[in-house]
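Asker: this is a predicted model, with the sequence first.
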Amino acid sequence: TPVTSFSVTLELIINQLTASDARGAIANIVDITGTPFFSTIPYNALEIGDEAVVNALNDAYAQLPHIHFATGNNAFLVADEEHEAGFRHLTSDELVLLSLPMEKVEEDGWGTMVPIPQEYYLSEEQIIEVQEAVTAYNDVIETAANQHGLAHVDVHTLLSEAESGIYFDAIAFSNDYISGGVFSLDGIHLTARGNAIVANEFITAINHTCNASVPKVPVGDFKGILFP
């Protein structure tokens, strides 16, 4: 969505919601590339332990010097319409989606003999585009919050800090898949505890902006992910 369109639409919505002098809170947008859906599977999660397999792959791609495999962890082979060969290795700055069907990797040669389709990874260019858009949208949101006297909830910073680990109610949380406790099993939506953490961020912003004293919710009282 173009930033101008986003700004105009947001202003229209806020004007309608505050037409009767209503007050409220508005949250910004998280950096989705830091969620488990995009950060769980490493770019080089293709592990090959058999040297004979490595040699067979390298022989198959002997005419393509940009393709090379070795024993140990390897970057996935992915489809890329913009590359002259139509496929290449992932780089360390690119992200594999959690939706990648690993059974295709293990059984059907995805990532080695069959390039992984583009729908299962974010290229460097796509990542930059996403992050620049989120930054631009968040600038619009913060400006609108200040202009209309709304509580500005910085969920972006909160969940960015969770990437390196945060504590609530003496419980450690992070953005790690499953063990982190913030994001649910789909890697995008929050757990009950994750929602409680964000709810407290709303409460903090509302109390600050509206001179209120809404009590925070006890994060530890909410259910976490049940391990099998």
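Answerer: Thanks, I have it.
Asker: for the chain, what spans make up the strands?
Answerer: In the chain, the strands defined using DSSP state E lie at 25-27, 46-48, 72-74, 77-79, 87-89, 95-96, 121-122, 151-153, 166-168, 171-173.
Asker: show me what the third one is packed up against.
Answerer: For strand 72-74, the elements it packs on are strand 46-48, judged by 3 or more CB pairs under 8 Å, 6 or more residues apart in numbering; DSSP states H and E. Any C-beta I mention is one placed from the backbone N, CA and C, and that applies to glycine too.
Asker: residues in contact with Val134?
Answerer: Counting by CB atoms under 8 Å, 6 or more residues apart in numbering, Val134 makes contact with 29-32, 156.
Asker: now for the residues you listed, which pair is the farthest apart?
Answerer: Ile32 and His156 (10.3 Å; CB to CB).
Asker: which of those two has more neighbours?
Answerer: Taking other CB atoms under 10 Å, Ile32 and His156 do not tie; His156 has more neighbours (20 against 17).
Asker: gap between the more buried one and Ala25?
Answerer: Separation of His156 from Ala25 (CB to CB, to the nearest Å): 14 Å.
Asker: count the residues that sit near the closest residue to Gly180 other than its chain neighbours.
Answerer: Distances taken as CB to CB, 6 or more residues apart in numbering put Ser174 closest to Gly180, at 4.0 Å, once the chain neighbours are dropped. Ser174 has 17 neighbours, counted by other CB under 10 Å.
Asker: roughly how far does Ser174 sit from Thr35?
Answerer: 12 Å.
Asker: can you tell me which helix in the chain is longest?
Answerer: If you go by DSSP state H, the chain has its longest helix at helix 124-148.
Asker: what average pLDDT does that one get?
Answerer: Helix 124-148 shows a mean pLDDT of 97 in the predicted model.
Asker: distance from the chain centre to that helix, please.
Answerer: Put simply, helix 124-148 sits 15 Å off its chain's centre (CA atoms, centre = their mean, to the nearest Å).
Asker: in that helix, what counts as buried?
Answerer: Neighbour-count burial for helix 124-148, counted by 16 or more other CB atoms under 10 Å, picks out 127, 130, 134, 136-138, 140-142, 144-145.
Asker: need these in CSV (columns: distance to Thr40).
Answerer: CSV is the format used below for those (distance: CB to CB, whole Å):
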residue, distance to Thr40
Ile127, 15
Val130, 17
Val134, 20
Ala136, 27
Tyr137, 25
Asn138, 24
Val140, 30
Ile141, 28
Glu142, 30
Ala144, 33
Ala145, 32
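Asker: where does pLDDT dip in this structure?
Answerer: Where the chain drops to pLDDT under 70, the residues are 228.
Asker: tell me which stretches of this structure form helices.
Answerer: 3-17, 36-39, 51-60, 102-107, 124-148, 155-161, 192-210.
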